[in-house]
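In: Structure of the sequence below:
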Amino acid sequence: MDGVDDRYAEFRSVIGYCTPNSEPKVFLERVEGQIAFEERGNLGFAFDPIFLIEEEGKTFGELTTEEKNQYSHRRNSLEKFINWYADQDDE
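Out: Numbers count the residues shown, from 1 in each chain. Modelled structure (predicted):
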């Protein structure tokens, strides 16, 4: 990515739910960031050392599990689904 100015990146998590004779429900969440210019940190896995969270000024590879969980696209999409599903009991 030498010479690339637009380093925008995002992780996405999608949970889909469908029952017979109904339209599927989709619960999408994302975490936005940048691709760092160099690997930083040795925490996490895969792309964590190059995925930069600008507001933290750190890559996922530099964040503790607790810090990283604040940005969890997986947790957020799951919470969306759980909240929606719980509301189905009220209907």
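In: all contacts plus neighbour counts: C-alpha atoms, from now on.
Out: Noted.
In: Okay, strands next: where are they in the protein?
Out: Per DSSP state E, the chain carries strands over the ranges 8-17, 25-35, 51-53, 58-59.
In: Can you tell me what sits against the first one?
Out: The set of residues external to strand 8-17 that reach it, using C-alpha atoms under 8 Å, 6 or more residues apart in numbering, is 24-35, 51, 73-74, 77-78, 81.
In: before we move on, what about the longest one?
Out: Residues lying outside strand 25-35 but in contact with it, judged by C-alpha under 8 Å, 6+ apart, are 7-18, 50-54, 71-74, 76-78, 80-81.
In: Then the shortest one?
Out: By C-alpha under 8 Å, 6+ apart, the surrounding residues in contact with strand 58-59 are 36, 40-41, 48-53.
In: Among the contacts of strand 25-35, name the buried ones.
Out: Among these, those classed as buried by 16 or more other C-alpha atoms under 10 Å are 13, 50-53, 72-74, 76-78, 81.
In: Can you give me every residue that contacts the spatially most central residue of the chain?
Out: Central residue of the chain (C-alpha atoms, centre = their mean): residue 73, 2.6 Å from the mean position. For residue 73, the contact set (C-alpha under 8 Å, 6+ apart) comprises 11-13, 29-31.
In: same thing but 10 Å
Out: Residues counted as contacts of residue 73 (C-alpha atoms under 10 Å, 6 or more residues apart in numbering) are 10-14, 28-32, 79.
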